[in-house]
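**Student:** My questions are about this predicted structure, shown below with the sequence.
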Amino acid sequence: MSVIESRLAELGVTLPDAPAPAANYVPFVQSGNLVFVSGQISMRDGAIITGKLGDDMDTADGAAAAKTCAIALLAQLRAACGGDIDRLVRVVKLTGFVNSTPDYTEQPKVINGASDFLVEALGDKGRHSRSAVSAAALPLGVAVEIEAIFEIA
C-alpha cells in the first residue's frame with residue numbers, strides 16, 4: 001500500500017475507483033508535471049449529495065459534502081498516476097463551487113471541508129491555493145463541486 005493510501009486508511013478513508021465522466025469530457029488531463037482534474041461532485045456511497053447552502057443545508061453538512069469531493073479528486077489523481085498516488089508532489093489549486101442562495105456567504109467554510117481534509121491527509125503536500133465561489137445551481141442539484149490542479153513527479 002502506498003504511503004498516502006496508508007495515511008488515508010489511518011483516517012478511515014479508502015479511495016474509491018475513479019468516477020467516470022458524466023458527459024463528453026475526460027476526468028483529468030496531464031500537461032507536463034501538472035494534472036488537471038475535472039470537477040468532482042459531492043457523493044457518498046454512490047449517491048449524490050444534493051442541497052442548497054443557506055436553504056436546506058447548513059455549513060457543516062456542506063463541508064462534509066466538500067470532503068467527499070476531495071476524496072474523489074484523490075481517486076482521479078491516483079488513476080492519472082497509473083495507480084501510484086505517491087507520485088504526488090503537491091496540491092496546487094482547488095476551485096470549489098457551492099450551490100447556495102444569493103445571501104449565503106460561507107462558501108469558504110464549506111470548501112474548508114476539502115482543504116482541511118487534504119492538509120490532514122497529505123501534510124504540507126496538501127496545502128494549496130484556492131477559490132470558493134457561489135453557484136445558483138450545480139449539476140444534478142449537488143451541493144458542492146470541486147476541481148483541482150496537482151503537481152506530480
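**Tutor:** Cool, got the structure.
**Student:** Flag every buried residue along the lengthiest helix in the chain.
**Tutor:** With secondary structure taken from DSSP state H, the chain has its longest helix at helix 59-80. By neighbour count with 16 or more other C-beta atoms under 10 Å, helix 59-80 contains the buried residues 59, 61-80. Placement of C-beta: from N, CA and C, glycine included.
**Student:** same check, this time on stretch 36-50
**Tutor:** By neighbour count on 16+ other C-beta under 10 Å, the buried set for stretch 36-50 is Phe36, Val37, Ser38, Gly39, Gln40, Ile41, Ser42, Met43, Ile48, Ile49, Thr50.
**Student:** Just the ones of the residues you listed in strands?
**Tutor:** Those of these mapping onto strands are Phe36, Val37, Ser38, Gly39, Gln40, Ile41, Met43, Ile48, per DSSP state E.
**Student:** Pick out whichever of those residues sits closest to Pro16.
**Tutor:** Checking these against Pro16 by C-beta to C-beta gives Met43 as the nearest, at 8.8 Å.
**Student:** beta partners for the closest one?
**Tutor:** Taking DSSP bridges as the rule, Met43 bridges to Ile48.
**Student:** ok, it - contacts?
**Tutor:** Pro19, Ile49, Thr68, Ala72, Val142 (C-beta atoms under 8 Å, 6 or more residues apart in numbering).
**Student:** same thing but at 10 Å, please
**Tutor:** By C-beta atoms under 10 Å, 6 or more residues apart in numbering, the contact list for Met43 reads Pro16, Pro19, Ile49, Ala65, Thr68, Cys69, Ile71, Ala72, Leu140, Val142.
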